[in-house]
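*Asks:* have a look at this prediction, sequence included:
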Amino acid sequence: MDKVIIEGLQVDAVIGVFDWERQILQPVIVDLELGCDIRRAAQTDDIHDAVNYKAVCDLVSDLIIDTKAQLIERLAELIAQTILTDYAVVEHIRVTVRKPTAIPNTTAVGICIERNRDSLRTCH
Ligand SMILES: Nc1nc2c(c(=O)[nH]1)N=C([C@H](O)[C@@H](O)CO)CN2
């Protein structure tokens, strides 16, 4: 399947389970792979036929800032479900969320999830 990719989207946000984490902004890094058929956009050369990665970056940034999640799991699931809901042409999504400054002596900690339209229908 074709993919629209976004790598290393950094957003400074309230994120974490500990009290001290609720008092500061921490960087959250998001990578996205959006599985969709890009052939129509390739044929028409029209942004309206494409999954606009600028719009997706804005959507995801706002979501991360507004959610103030405790767990990166919650962020990843929200990002996946929101994109699948808002972009009917996206059939499959891989979301990686990293916290690069959370744990000393690591370059990052994080999670990666994959969802499709079936998971949207079964998610409550
Ligand atoms: N699986 C997870 N483990 C942990 C998370 C998380 O979001 N998912 N978060 C934390 C803390 O907030 C950490 O980032 C700071 O020590 C710990 N484990």
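*Replies:* Thanks, I have the structure now. The structure displayed is predicted, hence computed values, not measured ones. Numbers count the residues shown, from 1 in each chain.
*Asks:* geometric centre of the protein: which residue is closest?
*Replies:* Residue closest to the mean C-alpha point of the chain, counted by C-alpha atoms, centre = their mean, is residue 79 at 4.5 Å.
*Asks:* would you indicate which residues of the host helix or strand of residue 73 are buried?
*Replies:* Element membership of residue 73, judged by DSSP states H and E, is helix 72-86. Of the residues in helix 72-86, 72, 75, 76, 77, 78, 79, 80, 81, 82, 83, 84 count as buried by neighbour count, 16 or more other C-beta atoms under 10 Å. C-betas here are computed from N, CA, C, even on glycine.
*Asks:* stretch 88-104 too?
*Replies:* Neighbour counts over stretch 88-104 (16+ other C-beta under 10 Å) mark 90, 91, 92, 93, 94, 95, 96, 97, 98, 99, 102 as buried.
*Asks:* and of these, the nearest to the ligand?
*Replies:* residue 102 (3.5 Å; C-beta to the nearest ligand atom).
*Asks:* quick one: residues contacting residue 49.
*Replies:* 40, 41, 43 (C-beta atoms under 8 Å, 6 or more residues apart in numbering).
*Asks:* what subset of the buried residues of helix 72-86 is also close to the ligand?
*Replies:* The subset of the buried residues of helix 72-86 within reach of the ligand, by C-beta under 6 Å from any ligand atom, is residue 72.
*Asks:* closest to residue 55 among the buried residues of helix 72-86?
*Replies:* residue 83 (10.4 Å; C-beta to C-beta).
*Asks:* tell me how far the closest one lies from residue 21.
*Replies:* As for residue 83, its distance to residue 21 is 26 Å (criterion: C-beta to C-beta, to the nearest Å).
*Asks:* in helices, which of the contacts of residue 49 appear?
*Replies:* Among the contacts of residue 49, the members falling in helices (DSSP state H) are 40, 41, 43.
*Asks:* okay if I get the residues you listed as CSV plus neighbour count and pLDDT?
*Replies:* Formatted as CSV, the ones in helices among the contacts of residue 49 follow (neighbours: other C-beta atoms under 10 Å; pLDDT from 0 to 100):
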residue, neighbour count, pLDDT
40, 13, 97
41, 19, 97
43, 9, 98
